[in-house]
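Trainee: Using only what follows, build the 3D model:
(one chain, ligands or ions: 1)
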Amino acid sequence: MTLAGEVISIYEGRGATAYFGERVSMTEHALQAAFFAQQADAPLQLVVAALLHDIGHLLEAVPDFGEWKVDARHEEVGSRWLAQRLGSEVIDPIRLHVAAKRYLCATDSDYVAMLSPASVVTLQLQGGPMSPAEVAQFETQAAFRNAVRIRLWDDQGKVAGLKTPGLEEYRELIDSFAGRNT
Ligand code: FE
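Mentor: Model prediction:
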């Protein structure tokens, strides 16, 4: 099966679960993040990254939000799985999208104010805002700006009932990046 085929079957199988504490499903959340990336005229590798940024949540049994007491490091799980088929241009921003939240919380007070209640709860599990040393270290990573962009589309992608293109509409795009291990 192509990567897009696997991704679509994973979302069809488990994507109807609610996105932790939000009013959208996992599938809606992924589609909305990709939609906002497209609206921003993002390069296509970032549209794919936005679409797939949370696939790690679906690769393992998804606990209910109330049971989510430890951080499952879904960004590591997802980027490791995707690294079999996708290059760093797509997977690095995915791997860093939780760090990007901790970075934004340390560097942008407007960002903290717009976080959803569920996202504030998970921030604590994820280590809280970065320290100044962590901020400096994060900024040395080549993918840090792209990770921040993914993070902002991630935060936007929580709109109940928003109409977006469906998964099938990303099939060719996903597969156009699969197999290029850069
Ligand atoms: Fe997300």
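
Trainee: which intervals of the protein have sub-threshold pLDDT?
Mentor: Across the chain, the ranges flagged by pLDDT under 70 are 61-72, 180-182.

Trainee: What residues does it have near the ion?
Mentor: Residues of the chain lying close to the ion (Cβ under 5 Å from the ion) are 54, 154. (Glycine included, C-beta is placed from N, CA and C.)

Trainee: show me the contacts for the residue nearest to the spatial centre of the chain.
Mentor: Central residue of the chain (Cα atoms, centre = their mean): residue 53, 2.7 Å from the mean position. Shown in contact with residue 53 (Cβ atoms under 8 Å, 6 or more residues apart in numbering): 30, 33, 75, 78, 93-94, 97, 150, 154.

Trainee: got a winner among the residues you listed for most neighbours?
Mentor: In terms of neighbours by other Cβ atoms under 10 Å, those top out with residue 94 at 30 neighbours.

Trainee: Dihedrals phi and psi, residue 25?
Mentor: The phi and psi values for residue 25, taken as degrees, to the nearest 10, are phi -80, psi 170.

Trainee: ditto for residue 78
Mentor: Residue 78 adopts backbone torsions of phi -70, psi -50, taken as degrees, to the nearest 10.
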